[in-house]
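J.: no letters, just coordinates:
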């Protein structure tokens with residue numbers, strides 16, 4: 001009266017290798033070139049483009065010009081320390097409120113693109129297009145305590 005050998009009930013092998021989230025290609029965009037649109041540009045509010053100085057305007061235009069020569073992989077993977085998607089619930093309360101006010105409350109995440117040091121531009125990625133949304137020269141949309149940022 002020996003015991004029967006145990007046979008696993010699962011017939012599918014579980015995947016054991018982990019893939020970093022940033023290496024997963026959302027919607028197959030990584031090989032595509034960056035493009036941008038001003039369709040949802042927020043001119044008012046705490047991150048509105050009406051606050052943009054002439055000096056920063058030139059800097060932003062130069063950065064957008066640089067980004068247009070890159071693929072989304074180069075922007076979001078190779079330069080992940082500088083550019084990244086951020087879930088809306090992780091943003092400052094003021095930013096979340098502003099999204100609701102401008103009719104973008106159903107947005108799940110925004111993309112932050114570094115311009116200089118703490119200076120960021122924020123937008124919504126729709127396919128391969130970056131919908132330029134906010135001007136954030138002081139990193140207030142997503143506050144961080146990093147001295148070298």
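T.: Thanks, I have the structure now. These numbers were taken from a predicted model, which means no experiment stands behind them.

J.: wait, is residue 75 part of a helix?
T.: Yes - judged by DSSP: H, G, I helix; E, B strand; the rest coil, residue 75 forms part of a helix.

J.: with adjacent residues omitted, what lies nearest to it?
T.: Closest residue to residue 75 in three dimensions, ignoring its sequence neighbours and counting by Cβ to Cβ, 6 or more residues apart in numbering: residue 83, at 5.1 Å. For the C-beta atoms, the positions are set from N, CA and C on the backbone; glycine is no exception.

J.: helices of this structure, residue ranges please.
T.: Taking DSSP state H as the test, the helices found in the chain are 54-67, 72-73, 93-101.

J.: could I get the buried residue list for the last one?
T.: By 16 or more other Cβ atoms under 10 Å, the buried positions in helix 93-101 come out as 95-96, 98-99.

J.: I'd like those residues as TSV, with pLDDT and distance to residue 43 appended.
T.: What follows is these, written out as TSV (pLDDT from 0 to 100; distance: Cβ to Cβ, whole Å):
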residue	pLDDT	distance to residue 43
95	98	16
96	97	19
98	98	12
99	98	15
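
J.: residue 112: which of these is nearest?
T.: residue 95 (10.8 Å; Cβ to Cβ).
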